[in-house]
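S.K.: Curious how this folds, go ahead:
(chains A and B)
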2 protein chains.
Amino acid sequence: MTLLAVGSIAFDDLETPMGIRSHLLGGSATYFSISASNFYSIRLVAVVGDDFGSAEEAVYREHSINLDGVIRQPGSCFHWKGRYGLNMNEAHTIQTDLNVFANFVPNLPDNYKNTPYLFLGNIDPCLQLEVINQMSARPKWIALDTMNFWIDGSRDALEKVIKKIDILLINEAEAKSLSKESNVMKAAKIINSMGPKTVVIKRGEYGAMLVTPDICFPVPAMPIENIIDPTGAGDTFAGGFLGYLASQGNLEETSLKYAMFVGTIAASFTIENFGIEKIASVSMSDFQGRLKHFLEILRMPEL
Amino acid sequence: MTLLAVGSIAFDDLETPMGIRSHLLGGSATYFSISASNFYSIRLVAVVGDDFGSAEEAVYREHSINLDGVIRQPGSCFHWKGRYGLNMNEAHTIQTDLNVFANFVPNLPDNYKNTPYLFLGNIDPCLQLEVINQMSARPKWIALDTMNFWIDGSRDALEKVIKKIDILLINEAEAKSLSKESNVMKAAKIINSMGPKTVVIKRGEYGAMLVTPDICFPVPAMPIENIIDPTGAGDTFAGGFLGYLASQGNLEETSLKYAMFVGTIAASFTIENFGIEKIASVSMSDFQGRLKHFLEILRMPEL
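M.R.: Coordinates of the predicted model:
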């Protein structure tokens, strides 16, 4: 059983108050798949350029991520250059070069078309729809991420694809923009009515909130003292959340709530070093140890 | 056994996306004492003007709040006019008239001087220090609130009073400013080392975080769909938190953690109507009901 993820593979140049790094392997599909691979078998659909070599490929292979759906095009990988100030909640984009990503059209290998779980990373909603249409059977669930660029510029296509999905992961400002509602609880419920019965509102350093027609479950972020680089925290959260959910094989309340903690812990590792350095090397016992510690921190006092 | 609170009594003019109200009874001491009075017996030290009449006095009397320490001066009560946009986390001050508050010097009645619990609301740190000096015996604990105005303009006096207290309640931006540290966890630990062993970081709609040398306990806000007016949420939180703590008579971990939930629920009622309207009228059974519901919402899933 596998989870199919579609998204971007990129090289990032990053500047945070803790240092400067260039040409780091990144992109939403990279953070997502490495994080999810701790819990489930992952298949990847993405595009890379000539600058994606065997060293990069090895990173995914080490996590048993299937790359049959990753196509190579002449040119360079997607490139993002960003900077964070002391308020690491906010990224300032310095440069974006779409490169081979500009003409990316997902084309699923035949052996991918019946994958039971599907995650549509943050790409053009028309392409997200195209991926759904290429599936030979409707997946058990479809999850999706998006951003303001598509909410503002491709609302019709986005609403069309959102109608077909089960789980939406979205940050708080984008949820308000998508729903045209400034109260986050009302916003989540409006999004529930647009299609996805499960909505996860990502709130950066303030954690995340799960909203379904039956439950509302806010989870604070794991308190981290040494934040090095917040890049990829949201994608890592999505990977932990969905990888764990796929491993459970259901969308029951207990699975959803526990998945919120798994996503939170995954994100907490990512931000402790530049790029994927920490999340790609964390052991399952370290992961379980921090998860246990976090659940202990949050434990309700007995009166 | 009683809790002594020092702070402001005011009349507020408020504008939120949900409506406009003028001449509402407010001020930090008002929100605090009404909220705390649900759990403990409260004594108030404040100053009012000629416009504070029997109708206003009745509000405190109904909550059995002792007003022996409230002095009347010629002139008008402190007046604040503020506006909130759709992002109700942020208040825009339109007008502030200190009025009788400008020359306020706390002068404790003799029967107040041995009160076992002391809350120093957000006033000039020199006056907060003066109140401590007027106490005949060191209270079992002293709690304090402050704001950027004093952090920026009266740091020496503030650091002097902070050294003498046990509990600091402070919002996130102010905690970062006071500690000169942008990471909230590090900021809280620095403040621990400045004096107060218990620090509560208030994060508005994102909840609050308790930090002591032994524990870090983040609590999300109660999700509220119909926010009418956020004025006083922080003071109401402080009232619930400290009123409950006083009722427990200790600063043990269980008491502190439970107090975080009590403060959270108190604040959630305040924001559901203008001014003190909701928090002043909520029944203990409604309060307990929502607290139970909130603890249920946050309940950890059993795997």
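S.K.: For A:E302, give me the pLDDT.
M.R.: In the predicted model, A:E302 carries a pLDDT score of 68.
S.K.: Can you tell me which residues in the stretch 151-300 of chain A are near chain B?
M.R.: For the stretch 151-300 of chain A, the contact set with chain B under Cβ under 8 Å from any Cβ of the partner chain comprises A:182-186, A:189, A:203, A:205-207, A:209, A:215-221, A:223-227, A:253-254, A:257-258, A:295, A:297-300. Every residue, glycine included, has its C-beta placed from N, CA and C.
S.K.: Filter the residues you listed down to the buried ones, PyMOL style.
M.R.: PyMOL command restricting these to the buried ones, with burial defined by 16 or more other Cβ atoms under 10 Å in any protein chain shown:
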select buried, chain A and resi 183+184+185+189+203+205+206+207+209+216+217+218+219+220+221+223+224+227+257+258+298
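S.K.: Okay, and which of the residues of the stretch 151-300 of chain A next to chain B map to helices?
M.R.: A:184-186, A:189, A:253-254, A:257-258, A:295, A:297 (DSSP state H).
S.K.: Tell me the one of the residues you listed nearest B:S193?
M.R.: A:I297 (21.1 Å; Cβ to Cβ).
S.K.: In contact with that closest one: list those residues for me.
M.R.: For A:I297, the contacting residues are A:223, B:215-218, by Cβ atoms under 8 Å, 6 or more residues apart in numbering or on different chains.
S.K.: could you dump those to TSV with pLDDT and distance to A:G232?
M.R.: What follows is the contacts of A:I297, written out as TSV (pLDDT from 0 to 100; distance: Cβ to Cβ, whole Å):
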residue	pLDDT	distance to A:G232
A:P223	93	19
B:I215	94	29
B:C216	96	24
B:F217	97	27
B:P218	97	22
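S.K.: and those as a markdown table, adding distance to B:F52?
M.R.: Below are the contacts of A:I297 laid out as a markdown table (distance: Cβ to Cβ, whole Å):
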| residue | distance to B:F52 |
| --- | --- |
| A:P223 | 43 |
| B:I215 | 41 |
| B:C216 | 41 |
| B:F217 | 38 |
| B:P218 | 39 |
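S.K.: Name the member of these with the shortest distance to B:A29.
M.R.: For the contacts of A:I297, the nearest to B:A29 is B:F217 (26.9 Å; Cβ to Cβ).
S.K.: Tell me the bridge partners for the closest residue to that closest one other than its chain neighbours.
M.R.: In this structure, B:F217 finds its nearest non-sequential neighbour in B:L210, 4.2 Å apart by Cβ to Cβ, 6 or more residues apart in numbering or on different chains. B:L210 forms beta bridges with B:V200, B:F217, as assigned by DSSP bridges.
S.K.: if I pick B:L210, what's in contact with it?
M.R.: B:198-200, B:216-219, B:256-257, B:260.
S.K.: Turn those residues into CSV, including distance to B:A29.
M.R.: Putting the contacts of B:L210 into CSV (distance: Cβ to Cβ, whole Å) gives the following:
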residue, distance to B:A29
B:T198, 21
B:V199, 22
B:V200, 18
B:C216, 30
B:F217, 27
B:P218, 28
B:V219, 24
B:L256, 23
B:K257, 26
B:M260, 22
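S.K.: Tell me the one of these nearest A:L4?
M.R.: B:P218 (34.3 Å).
S.K.: what's the spacing between that closest one and chain A?
M.R.: 4 Å (Cβ to the nearest Cβ, to the nearest Å).
S.K.: looking at it, that residue is touching A:P220, isn't it?
M.R.: Yes: with contact defined as Cβ atoms under 8 Å, B:P218 counts as touching A:P220 (3.7 Å).
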